[in-house]
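Peer 1: structural data only, the sequence is not supplied:
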Ligand SMILES: [Mn+2]
């Protein structure tokens, strides 16, 4: 499944495929580009199949509903919505075009990297573990970004040997996605990635 979200400030592509032999994907995502901001959330539900999807889809739904809120609020909502569910690893990424900065918060093993045209990479640190409605510490960081920066966010179903050169050496979101095609064939786990370019 491929979804594209695009406007004058961002061009993003999401790709998702479920684990081999599964009918339901245990990962979920949401992304939206408004006139003021771009937001995306990625969740990897614990386990696989229906119960994993029950947790991860609760995350994409709550972020879809409250995407106008600040990231630290959203990650707390994500935690609350997982009460009485199995749990999920979660990342929320929000870009403010006018301030040219982004805010990121993550609990668990979802990976994120942003590459700036000047050569700098930004890897925000996640909190270890997963969300399951229990009291939880969060870490939310805000960074400036340069025009033309490219980012990638992905679940652990995508195993990449060289994410740095992937973002640095490919000029467009479509090129990156084409390059990733061979890595999406294994299907040893549910797999989700979002790759985007900020202008
Ligand atoms: Mn996974």
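Peer 2: Right, received. Where do you want to start? The structure presented is a predicted model; accordingly, all values stated were derived computationally and were not measured.
Peer 1: tell me who's in contact with residue 54.
Peer 2: With contacts taken as Cβ atoms under 8 Å, 6 or more residues apart in numbering, residue 54 has the following neighbours: 45, 85, 86. In short, each C-beta sits where N, CA and C put it, glycine included.
Peer 1: spatially, what comes nearest to the second one if we skip its sequence neighbours?
Peer 2: To tie it back to what came earlier, the one meant is residue 85. On the basis of Cβ to Cβ, 6 or more residues apart in numbering, the spatially nearest residue to residue 85 that is not a chain neighbour turns out to be residue 55, at 4.5 Å.
Peer 1: could you point out the helix or strand that follows the helix or strand encompassing that neighbour?
Peer 2: When secondary structure is defined using DSSP states H and E, the element that contains residue 55 is helix 49-65. Next along the chain after helix 49-65, taking DSSP H and E as the criterion, comes helix 71-81.
Peer 1: circling back to that earlier point, now, which of the contacts of residue 54 sits nearest the ion?
Peer 2: residue 45 (8.3 Å; Cβ to the ion).
Peer 1: I'd assumed residue 48 was in contact with the residue nearest to residue 85.
Peer 2: No - here residue 55 lies out of contact with residue 48, judged by Cβ atoms under 8 Å, at a distance of 11.2 Å.
Peer 1: comparing those two, which residue is more hemmed in?
Peer 2: Shown here are residue 55 and residue 48; by other Cβ atoms under 10 Å, residue 55 has more neighbours (26 against 20).
Peer 1: which residues sit in contact with the more buried one?
Peer 2: For residue 55, the contact set (Cβ under 8 Å, 6+ apart) comprises 43, 45, 46, 82, 85, 86, 87, 88.
Peer 1: what mean pLDDT does the helix holding residue 55 get?
Peer 2: Confidence over helix 49-65 (mean pLDDT, whole number) is 97.
Peer 1: do that helix and the ion meet?
Peer 2: No - if you take Cβ under 5 Å from the ion as the test, helix 49-65 misses the ion, and the best it gets is 8.3 Å.
Peer 1: which residues of the protein lie near the ion?
Peer 2: Neighbours of the ion within the chain, by Cβ under 5 Å from the ion: 44, 155, 156, 157, 189.
Peer 1: residue 165: how many residues sit nearby?
Peer 2: When neighbours are counted by other Cβ under 10 Å, residue 165 registers 12.
Peer 1: contacting residues around the helix or strand hosting it?
Peer 2: Mapping residue 165 onto the secondary structure by DSSP H and E places it in helix 163-169. Where contact means Cβ under 8 Å, 6+ apart, the residues beyond helix 163-169 that reach it are 111, 113, 115, 119, 121, 150, 151, 152, 160, 176, 179, 180.
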